[in-house]
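Asks: show me how the following folds:
(one chain, ligands or ions: 1)
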Amino acid sequence: MCGIVGYTGYAHAANILLDGLERLEYRGYDSAGICVSDGNAGHPLKAIRVKGRLQALRDLTDNGSSVEGTSGIGHTRWATHGEPTVENAHPHLSGGRVAVVHNGIIENYMELRETLKARGYTFQSETDTETIAHLLDYYDKGDPLDAIVRTVMHLRGSFALGILFSDRPGEVYGVRRDSPLIAASSENGNFIASDVPAILQYTRNVTYLDNMEIVCLKPDGISFYNMDGEPIEKTFTTVSWDVEAAEKGGYAHFMLKEIHEQPKAMEDTIRPHIRDGQIVLEELGMTEDEIRSINRIQMVACGSAWHVCMTAKYVMERLAKVPVDVDLASEFRYRNPVLSPGTMLMVVSQSGETADSLAALRYGKDQGMLCLAIVNVVGSSIAREADRVFYTSAGPEIAVATTKAYSTQLAACYMLALHFARVRGTMDEEAYAKHVEALTRLPGQIGEILQGEARMQWLAGKYANTRDAFFIGRGLDYASVLEGALKLKEISYIHAEAYAAGELKHGTISLIEKGSMVLAVATQKDLLEKEVSNIVEVHARGATVLALTMDGNYAMEDEADFTVYIPRTEDVFYPSLVVVPLQLLAYYVSLSRGIDVDKPRNLAKSVTVE
Ligand code: M6R
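Replies: Presented below is the predicted three-dimensional model:
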């Protein structure tokens with residue numbers, strides 16, 4: 001995830017910026033840069049940027065000491081718009097008069113880019129951020145606050161910004177909406193930062209900006225303003241976290257932090273693609289003719305990403321009426337698949353580097369297939385080699401067990417299915433509109449589920465000593481329990497298996513005995529009665545049943561020992577809601593078993609060998 005640091009004061013700014021950025025390295029990044037004002041009003045601002053590690057920036061600047069000046073901004077970038085290159089690295093400049101660093105996503109940057117080009121601005125990067133630098137320049141008539149207010153009024157999306165104006169040496173500005181930004185004060189100067197660890201070595205005295213608040217740092221003080229340009233008061237607090245706790249945002253583990261980041265990650269993935277009630281996927285670069293010409297989809301992936309494909313199969317077939325086959329990437333190319341013309345290959349991968357998924361993609365390309373990838377890491381191998389790419393906006397995921405990347409992959413699949421359905425005319429307008437609306441509600445509903453965390457923690461206590469857990473579901477719920485079982489086994493080391501509930505009686509039910517743990521997911525209206533019968537079957541054989549079902553389905557309490565309710569949505573979207581309690585359950589079981597949640601044994605975050 002991108003990181004921001006800004007400083008003004010009495011010390012050498014470049015050193016402080018580099019140290020601050022180093023403290024944000026754990027978040028992951030692919031390029032970095034700083035811009036320091038030399039202290040002379042009107043002197044053009046210059047950015048120093050590198051692709052790759054911060055060390056390259058240190059080498060280029062003699063550890064910062066070759067850059068004169070006592071105020072500046074710095075950034076570590078996790079690519080979203082445009083590949084990781086020097087040109088796309090921040091800070092971005094507008095004619096040397098304005099420099100900007102940015103976290104977040106500007107949804108309307110394409111429109112803004114066109115408007116600014118028409119006003120004579122030229123662009124050096126592919127980023128959404130450069131539009132902000134030019135907008136600030138355009139509105140800067142000598143009053144920085146006014147320029148900031150006018151600029152942010154034109155931005156759709158999320159942002160935390162650090163800003164320098166060349167004619168305001170010694171001043172650093174910041175503003176935010178839906179992306180965090182803090183301000184901090186010390187005797188030696190003042191700071192802005194996206195995260196606490198960046199400033200902890202200098203001060204613990206911080207305040208958290210609220211949405212649409214502006215901060216102006218000067219060496220001897222900090223001022224805050226609202227969007228009317230009026231001064232506001234902010235309360236400073238003393239941060240008591242150590243560096244390790246600060247890196248995890250106060251959460252005990254990255255996994256828990258990432259579970260809680262899901263509403264934001266979903267919002268960031270979905271919102272830029274919704275305009276006037278329609279799914280817009282122009283960045284995918286697929287024409288409507290191309291979409292109509294696809295007569296089959298072959299999906300490949302590994303692990304949790306494969307579970308996403310299992311979900312996507314149901315959703316794509318139901319909404320867009322395109323037949324979908326799903327293969328484990330490690331199996332696909334070795335089974336000599338028969339691939340009919342018009343079959344599109346879809347690869348799903350968080351890292352974009354998973355060896356089996358990459359090999360499957362290459363196999364598909366060799367067969368002449370059109371290849372679409374859903375990837376989180378911009379510029380990764382799979383993203384580079386695929387013909388079309390749908391980027392998820394989960395940000396970097398650090399815990400080995402995937403949570404927010406999985407959720408955003410689901411969101412990408414939903415949007416593709418809805419888009420294909422509209423283009424291919426397989427959904428009527430009313431159903432389409434209802435689904436788009438329900439999609440936009442998912443981030444908030446995930447937030448609601450997270451409020452019930454304590455109950456999942458309590459339930460985890462009951463499951464912590466179990467030896468085996470059976471996860472059952474039908475239809476889309478079967479796809480969800482595949483992920484639930486993997487989450488539990490990979491971080492708790494409890495043997496957990498997922499079964500299509502209807503399959504139980506063909507063998508597995510012989511394992512069910514008094515005390516067996518069964519987790520049943522029941523959200524699909526048409527399959528509810530049948531799923532309840534399966535729950536009754538296992539209950540009658542002595543299993544303890546935890547059921548996950550939708551709000552209002554209270555009849556479930558007659559059959560299950562514990563019931564967890566999730567908010568109502570369209571049937572195809574339940575996997576996004578169901579997975580959250582399952583993640584929490586796995587997390588708290590792992591915690592109570594004393595396991596290293598973020599780094600479970602024998603596993604790596606990215607599996608780059610076959
Ligand atoms: O980076 P990828 O999405 O290609 O990784 C695929 C799997 O290795 C990954 O989903 C794995 O199963 C997760 N650690 C499970 O939590």
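Asks: the stretch 451-600 of the chain: helices as residue ranges?
Replies: Secondary structure of the stretch 451-600 of the chain by DSSP state H, counting those that start in this stretch: the helices cover 453-463, 476-492, 528-540, 574-592.
Asks: so can I have TSV of these showing distance to Gly120?
Replies: C-beta here means a position set from N, CA and C on the backbone, and glycine is covered the same way. Compiled in TSV, the helices of the stretch 451-600 of the chain are given as follows (distance: least, CB to CB, whole Å):
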stretch	distance to Gly120
helix 453-463	52
helix 476-492	51
helix 528-540	61
helix 574-592	44
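Asks: mind putting those helices in JSON lines, mean neighbour count included?
Replies: Output for those, formatted as JSON lines (neighbours: other CB atoms under 10 Å):
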{"stretch": "helix 453-463", "mean neighbour count": "16"}
{"stretch": "helix 476-492", "mean neighbour count": "26"}
{"stretch": "helix 528-540", "mean neighbour count": "18"}
{"stretch": "helix 574-592", "mean neighbour count": "26"}
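Asks: quick one: which of those is nearest Met255?
Replies: helix 574-592 (5.7 Å; CB to CB).
Asks: and the angle from that closest one to helix 453-463?
Replies: Computed by axes from the mean of the first three to the mean of the last three CA atoms, to 10 degrees, the angle separating helix 574-592 from helix 453-463 equals 60 degrees.
Asks: alpha carbons only: can I get helix 574-592 in CSV?
Replies: C-alpha atoms of helix 574-592 as CSV (Å, rounded to 0.1, in the frame of the first residue of the first chain):
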residue,chain,number,x,y,z
TYR,A,574,-23.7,-14.1,-0.5
PRO,A,575,-20.2,-15.6,-0.9
SER,A,576,-18.8,-12.1,-0.1
LEU,A,577,-20.7,-11.9,3.1
VAL,A,578,-20.4,-15.5,4.2
VAL,A,579,-16.7,-15.6,4.0
VAL,A,580,-16.2,-12.9,6.6
PRO,A,581,-17.4,-14.9,9.7
LEU,A,582,-15.5,-17.9,8.3
GLN,A,583,-12.3,-15.8,8.2
LEU,A,584,-12.9,-14.5,11.7
LEU,A,585,-13.6,-18.0,13.0
ALA,A,586,-10.4,-19.4,11.5
TYR,A,587,-8.4,-16.4,12.8
TYR,A,588,-9.7,-16.8,16.4
VAL,A,589,-9.3,-20.6,16.4
SER,A,590,-5.7,-20.1,15.2
LEU,A,591,-5.1,-17.5,17.9
SER,A,592,-6.5,-19.6,20.7
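Asks: by contact count, what packs against that helix?
Replies: Packing contacts for helix 574-592, counted by 3 or more CB pairs under 8 Å, 6 or more residues apart in numbering; DSSP states H and E, involve helix 254-260, helix 404-424, helix 429-450, helix 453-463, helix 476-492, strand 517-522, strand 544-550, strand 562-566.
Asks: of those, which stretch is the most buried?
Replies: Most buried of those, by mean neighbour count (mean count of other CB atoms under 10 Å): strand 517-522, with a mean of 28.
Asks: report the distance from that one to the chain centre.
Replies: Relative to its chain's centre, strand 517-522 lies at 28 Å (CA atoms, centre = their mean, to the nearest Å).
Asks: can you check stretch 528-544 too?
Replies: The chain centroid and the centroid of stretch 528-544 are separated by 36 Å under CA atoms, centre = their mean.
Asks: of all the helices of the stretch 451-600 of the chain, which one is nearest the ligand?
Replies: Smallest distance to the ligand across these (CB to the nearest ligand atom): 5.7 Å, for helix 476-492.
Asks: and Ile393, what element?
Replies: Not quite, residue 393 is Ser, not Ile. Using DSSP states H and E, Ser393 maps to neither a helix nor a strand.
Asks: wait, doesn't it sit right on Thr269?
Replies: Yes - if you go by CB atoms under 8 Å, Ser393 and Thr269 touch, sitting 4.6 Å apart.
Asks: one step back: in JSON lines: the helices and strands packed on helix 574-592, plus mean pLDDT and distance to the ligand.
Replies: Shown next, in JSON lines, are the helices and strands packed on helix 574-592 (pLDDT from 0 to 100; distance: least, CB to the nearest ligand atom, whole Å):
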{"stretch": "helix 254-260", "mean pLDDT": "96", "distance to the ligand": "9"}
{"stretch": "helix 404-424", "mean pLDDT": "98", "distance to the ligand": "6"}
{"stretch": "helix 429-450", "mean pLDDT": "98", "distance to the ligand": "18"}
{"stretch": "helix 453-463", "mean pLDDT": "93", "distance to the ligand": "17"}
{"stretch": "helix 476-492", "mean pLDDT": "97", "distance to the ligand": "6"}
{"stretch": "strand 517-522", "mean pLDDT": "96", "distance to the ligand": "17"}
{"stretch": "strand 544-550", "mean pLDDT": "96", "distance to the ligand": "19"}
{"stretch": "strand 562-566", "mean pLDDT": "96", "distance to the ligand": "21"}
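Asks: which bits of this protein sit near the ligand?
Replies: 302-305, 349-351, 354, 357, 400-402, 486, 490, 606-607 (CB under 6 Å from any ligand atom).
Asks: ok, and the closest non-adjacent residue to Gln124?
Replies: Glu87 (5.8 Å; CB to CB, 6 or more residues apart in numbering).
Asks: now that neighbour: which helix or strand?
Replies: Going by DSSP H and E, Glu87 is not part of any helix or strand.
Asks: look up phi and psi at it.
Replies: Torsion angles at Glu87 (phi, psi; degrees, to the nearest 10) stand at phi -60, psi -30.
Asks: could you turn the buried ones of the residues of the chain next to the ligand into a ChimeraX selection?
Replies: Per 16 or more other CB atoms under 10 Å, the buried members of the residues of the chain next to the ligand correspond to this ChimeraX selection:
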select :302,303,304,305,349,350,351,354,357,400,401,402,486,490,607
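Asks: looking at the residues of the chain next to the ligand, which are in helices?
Replies: Assigned to helices by DSSP state H, the following of those qualify: 303-305, 357, 486, 490.
Asks: want to throw the residues you listed into TSV with distance to Ala246?
Replies: Converted to TSV, these look like this (distance: CB to CB, whole Å):
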residue	distance to Ala246
Gly303	30
Ser304	28
Ala305	31
Ser357	34
Leu486	30
Glu490	27
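Asks: can I get the helix or strand of the chain with the lowest mean pLDDT as CSV, trimmed to CA atoms?
Replies: In the chain, no helix or strand scores lower on mean pLDDT, DSSP states H and E than helix 243-247, which sits at a mean of 78. This file holds the C-alpha atoms of helix 243-247, laid out as CSV (Å, rounded to 0.1, in the frame of the first residue of the first chain):
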residue,chain,number,x,y,z
VAL,A,243,6.6,0.1,16.1
GLU,A,244,5.4,-3.5,15.6
ALA,A,245,1.9,-2.7,16.9
ALA,A,246,1.8,0.5,14.8
GLU,A,247,2.6,-1.4,11.6
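Asks: what packs against that helix?
Replies: Checked by 3+ CB pairs under 8 Å, 6+ apart, helix 243-247 has no helix or strand packed alongside it.
Asks: tell me the contacts of the residue of the chain found nearest the ligand?
Replies: Nearest to the ligand, among the residues of the chain, is Gly303, at 1.9 Å (CB to the nearest ligand atom). By CB atoms under 8 Å, 6 or more residues apart in numbering, Gly303 lies in contact with 402, 486.
Asks: could you report the pLDDT at it?
Replies: In this prediction, Gly303 carries a pLDDT score of 97.
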